[in-house]
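Undergrad: sequence unknown, structure follows:
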């Protein structure tokens, strides 16, 4: 059977002038990419519009956290707080996302130093205020939580840069390696005491507290960690990293265009096989080629074993999408970029594990520096971006977020231990408050007076009659009933007085 291929239409097409050739291609298939681009842009604009509309309705609250004096709680307590905050994760369905514009709200963990005065702050959605307070009180029962205003919106601070009086240095921090690898965590800062059976915790927060407390008049330093609860889909990324270490094949997720290309290639493959019958020899050669076998755990070197164990340890705990920002804001006459930026980078370098991961400043995109062309305008643009992103607690401006589990977060943001960190201007709660026990041996007369005063104080709470309005418009106090129904008199004789 003879196969005849008619190439006349193709030859006629190649002989057309260039403009007619272009129009022919455009009206045949050229409109399709433009139509797909239009649909994609329309989808993104709609999603942006409804998400901005929904996000504008959300309300937030700023909570200042003061832990008791003499705090000896390790970062493990803060790790439990973050695990509890993961309860704010929302399961958003198709209708809520594409019609209502809902998205996963974020918490903001902040440490601020204003002229050396240090305060820990959590910015929480109002609807999760009870969740946030319960998480803190569950680990720090004697902590004091106070609602405060947004310090970054102080009227005395500038709105944009350049400014006559103020200058700014800031940026974001990100991972150096893939997100599946963890940083050095607080457990690695525990040092075993020689001759003792307990470990001593060398708090990495000591460097941060020293930097924050060194600020003087006209200087402020803001440290922000935005956390967004996520599900468990990210664990597949960690599994892929482990497969890379073992040398296993990774199933690559294909997009729509790649899938279409595969279908076309498969169709060509089937057509050529049906016509020429040439692929049998190639398949035989492929079978002869030995496949590369993946490594076993025994065949891994020490560095590879450490990576596998660290990744598995990271995925065993709850995780968040995380964005880290730093801002140093100061009057121009006292502005000291070297002290602030160098000190903060030095604090972050404590968490470097060269075999696994580390945190570095994003010098290319967000750190407020520029070289070569339009230096001042580009630098001011970066200052305004980081300033606007910080004040708005924006999770989109700047670098893409990284993934950290609760142990890594507790390493970066926890209350300093009193025994390891001495900070004179760190706001703290006064300590445990409690009444004296009732069993203390006091004289009978004092005890009788104490009970009488007690009943005198609580008497109005037992009165059911409502106050009567006076002629002057003021409210008169309710009268106390007399007789046996009243609360006057001595305490009963059978009370256990000393």
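TA: In hand now; what should we look at? Worth saying up front: this structure is predicted, and the values here are computed from it rather than measured. Numbers count the residues shown, from 1 in each chain.
Undergrad: quick one: the helix or strand harbouring residue 63 to chain centroid distance?
TA: Following DSSP states H and E, one finds residue 63 within strand 60-66. Distance of strand 60-66 from the chain centroid (Cα atoms, centre = their mean, to the nearest Å) equals 16 Å.
Undergrad: quick one: strands adjacent to it?
TA: Partner strands and pairing direction for strand 60-66 (DSSP bridges) are strand 117-125 (antiparallel), strand 144-148 (antiparallel).
Undergrad: List the buried residues for the lengthiest helix in the chain?
TA: The longest helix of the chain (DSSP state H) is helix 31-55. Of all the residues in helix 31-55, those buried under the rule 16 or more other Cβ atoms under 10 Å are 50-51. C-betas here are computed from N, CA, C, even on glycine.
Undergrad: what about the nearest residue to residue 328 once chain neighbours are set aside, how many residues close to it?
TA: Distances taken as Cβ to Cβ, 6 or more residues apart in numbering place residue 340 nearest to residue 328, at 3.7 Å, with adjacent residues excluded. Residues lying near residue 340 (other Cβ atoms under 10 Å) number 25.
Undergrad: cool, residue 393 as well?
TA: Other residues close to residue 393 by other Cβ under 10 Å number 18.
Undergrad: Look at it and give its secondary structure.
TA: coil (DSSP: H, G, I helix; E, B strand; the rest coil).
Undergrad: roughly how far apart are it and residue 158?
TA: 19 Å (Cβ to Cβ, to the nearest Å).
Undergrad: do the same with residue 40
TA: Distance from residue 40 to residue 158, by Cβ to Cβ: 39 Å.
Undergrad: that older thread, what's the model's confidence in the longest helix of the chain, averaged?
TA: The pLDDT scores in helix 31-55 average 90.
Undergrad: what's the following helix or strand after the lengthiest strand in the chain?
TA: Scanning the chain for the strand with the most residues, using DSSP state E, yields strand 319-331. Per DSSP H and E, strand 319-331 leads on to helix 337-348 as the next helix or strand towards the C-terminus.
Undergrad: How far off centre is the helix or strand just after that following helix?
TA: Past helix 337-348, further along toward the C-terminus, the next helix or strand under DSSP H and E is strand 359-361. Its chain's C-alpha centre lies 16 Å from the corresponding centre of strand 359-361 when counted by Cα atoms, centre = their mean.
Undergrad: remind me which residues of the protein are low pLDDT?
TA: Residue ranges of the chain with pLDDT under 70: 1-4, 192-199, 251-292, 419-498.
Undergrad: could you redo the last one with a cut-off of 80?
TA: 1-16, 18-31, 69-72, 191-200, 249-292, 294, 418-498 (pLDDT under 80).
Undergrad: Got phi/psi on the residue most central in space within it?
TA: The chain has residue 227 as the residue nearest its centroid, 1.6 Å off, counting by Cα atoms, centre = their mean. Main-chain dihedrals, residue 227, degrees, to the nearest 10: phi -120, psi 140.
Undergrad: Mind jotting down where the strands sit in the stretch 101-250 of the chain?
TA: Ranges of strands in the stretch 101-250 of the chain, per DSSP state E, counting those that start in this stretch, are 107-114, 117-125, 144-148, 166-175, 190-192, 199-201, 219-229.
Undergrad: For residue 35, which of those is the nearest?
TA: strand 219-229 (34.3 Å; Cβ to Cβ).
Undergrad: which helices and strands sit right next to the closest one?
TA: The contact analysis (3 or more Cβ pairs under 8 Å, 6 or more residues apart in numbering; DSSP states H and E) places strand 219-229 against helix 75-85, strand 107-114, helix 205-213, strand 319-331, helix 337-348, helix 406-412.
Undergrad: For these, please prepare CSV with the additional fields distance to residue 19.
TA: Conversion of those to CSV gives the following (distance: least, Cβ to Cβ, whole Å):
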stretch, distance to residue 19
helix 75-85, 63
strand 107-114, 58
helix 205-213, 67
strand 319-331, 51
helix 337-348, 58
helix 406-412, 60
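Undergrad: Compare these and give me the one nearest residue 144.
TA: helix 75-85 (15.5 Å).
Undergrad: Touching that closest one from outside, list them.
TA: The contact list for helix 75-85, computed with Cβ atoms under 8 Å, 6 or more residues apart in numbering, reads 107, 128, 131-132, 134-136, 138-140, 186, 227, 229, 317-318, 320, 406-407, 409-411, 413-415.
Undergrad: Fine, thanks again, bye for now.
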